[in-house]
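coords below, sequence missing:
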């Protein structure tokens, strides 16, 4: 009986030990399978590193073009148009005759003034000889000198009146559409045409006073127009107004643009980009931002494969990227794709690291280094 009891006790002990062994083995096997299972269940994401980049303070504005020199050509005197020497839109040189008014009366007056001057000169020469021979009084010569000077003045006046009958270009440029025709009667102030020097275009634009300290003469600008969407026009700042407008709190800036091709015309609306100071800044792809109310957040993947939600303060924006003023460090990995599928402390699996946000100065992101189409489908599921 004792032997039977002893045998039963041994069997019970063996059974218990075997159960404990099997239970431990099952737990270890389950633990070993849990880790790969957790990795399989982790949310797939694509990340980008936080990098340092040189960002320029870009000042954007709208400006209006003006000719380098511009006038409205008008008549100085009344008269009938005798001849028109230009065509609409024609380029003319400085001093070119644009309009000739009837000039017969002025021409006759000029001829009479010349004849009178010649007569007075002849009398003057004769009196000089007579005074030298003491055949004439000195006072007579003095009176003749005065008459000679008066004749010279009358000739000058006649010449001015004659010259007024011809309207000339004061500088080289392009004439606009003429407003008079041959035979038309014009008076002083009548508009003949416009004349614009388009060799250089002046561009006026207003800049908020907050940028006043960043403005200086010689700064480069890049301008564009809807009229020529594929063209960029380059120039530089030539002057900054001495006053700030007290109503708009903006200062007027004038730049010069080269216009060798004569594409730009006065009065055009121009988009202006002025590059001011360049500073080093941390940047991330714009799509990594998660706005909530008035705050901005990003998801940063830590060394344990977890996504942590971090509040950030943003600064300047550029196409495809944004400056991070506070909250991140260079080298942090922020989630750019798969953001909608995660929350703070979510286990994530990095499918790819974007390399398009590099340390180039103020450049637009290039093509993404993304995963294959199958991987992207997995991200969005």
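Alright, I've got the coordinates. As the structure is a prediction and not an experimental result, all values here were calculated from the model.

all contacts plus neighbour counts: C-alpha atoms, from now on.
Fine.

need the helix or strand of the protein with the lowest average pLDDT.
One helix or strand of the chain scores below all others by mean pLDDT, DSSP states H and E: helix 373-380, with a mean of 37.

Off-centre distance for the helix or strand where residue 229 lies?
Take DSSP states H and E as the rule and residue 229 turns out to sit in strand 228-244. Mean-position distance between strand 228-244 and its chain equals 7 Å (Cα atoms, centre = their mean, to the nearest Å).

as a whole number, average confidence for it?
Mean pLDDT, computed over strand 228-244, is 95.

Quick check: can you name the pairing partners of that strand and their directions?
The pairing partners recorded for strand 228-244 under DSSP bridges are strand 220-225 (antiparallel), strand 250-258 (antiparallel).

Would you mind finding the most buried of those?
strand 250-258 (a mean of 20; mean count of other Cα atoms under 10 Å).

all helices of the protein, in order?
For the chain, applying DSSP state H gives helices covering 2-41, 104-132, 138-163, 373-380.

Number of residues surrounding residue 227?
Using other Cα atoms under 10 Å, residue 227 is surrounded by 12 other residues.

gap between it and residue 173?
Residue 227 is 22 Å from residue 173, where distance means Cα to Cα, to the nearest Å.

swap in residue 288?
Residue 288 is 54 Å from residue 173, by Cα to Cα.

for residue 304, same thing?
For residue 304, the distance to residue 173 - Cα to Cα - is 72 Å.

the more surrounded of those two?
In terms of neighbours (other Cα under 10 Å), residue 173 is the more surrounded of residue 304 and residue 173; the figures are 23 against 8.

ok, the more buried one touching residue 194?
No. Here residue 173 does not reach residue 194: they are 9.8 Å apart, not a contact under Cα atoms under 8 Å.

Let me have the strands paired with strand 228-244 in TSV, extended by distance to residue 344 and mean pLDDT.
Below are the strands paired with strand 228-244 laid out as TSV (distance: least, Cα to Cα, whole Å; pLDDT from 0 to 100):
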stretch	distance to residue 344	mean pLDDT
strand 220-225	44	94
strand 250-258	45	96
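
among these, which is nearest residue 115?
strand 250-258 (52.1 Å; Cα to Cα).

quick one: that closest one to chain centroid distance?
Using Cα atoms, centre = their mean, the offset of strand 250-258 from its chain centre is 10 Å.

report the angle between the axes of the longest strand seen in the chain and strand 250-258?
Taking DSSP state E as the criterion, the chain has its longest strand at strand 51-74. Inter-element angle recorded for strand 51-74 and strand 250-258: 80 degrees (by axes from the mean of the first three to the mean of the last three Cα atoms, to 10 degrees).

who are the neighbours of strand 51-74, in terms of helices and strands?
Applying 3 or more Cα pairs under 8 Å, 6 or more residues apart in numbering; DSSP states H and E, one finds that strand 51-74 contacts strand 191-208, strand 269-285.

Would you mind giving those as TSV with mean pLDDT added?
Output for the helices and strands packed on strand 51-74, formatted as TSV (pLDDT from 0 to 100):
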stretch	mean pLDDT
strand 191-208	96
strand 269-285	88
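
Of those strands, which is nearest residue 219?
Among those, strand 269-285 sits nearest to residue 219 (Cα to Cα), with 7.4 Å.

Show me what the closest one pairs with in its sheet, parallel or antiparallel.
strand 51-74 (antiparallel), strand 220-225 (antiparallel), strand 321-326 (antiparallel).

mind listing what's buried in it?
Buried residues in strand 269-285, defined by neighbour count with 16 or more other Cα atoms under 10 Å: 269-276, 281-285.

do stretch 289-306 as well
289, 290, 297, 298, 299, 300, 301, 305, 306.

can you list the domain ranges for this protein.
43-54+279-380, 59-66+193-278, 77-101+166-189, 103-164 (automatic domain parsing).

mean pLDDT lowest for which of those domains?
Taking the mean pLDDT of these, domain 43-54+279-380 comes last: a mean of 79.

starting at the chain centroid, how far to that domain?
30 Å.

which residues touch residue 169?
92, 93, 94, 95, 96, 97, 98, 195 (Cα atoms under 8 Å, 6 or more residues apart in numbering).

From residue 198, how far off is it?
Taking Cα to Cα, one finds residue 169 at 14 Å from residue 198.
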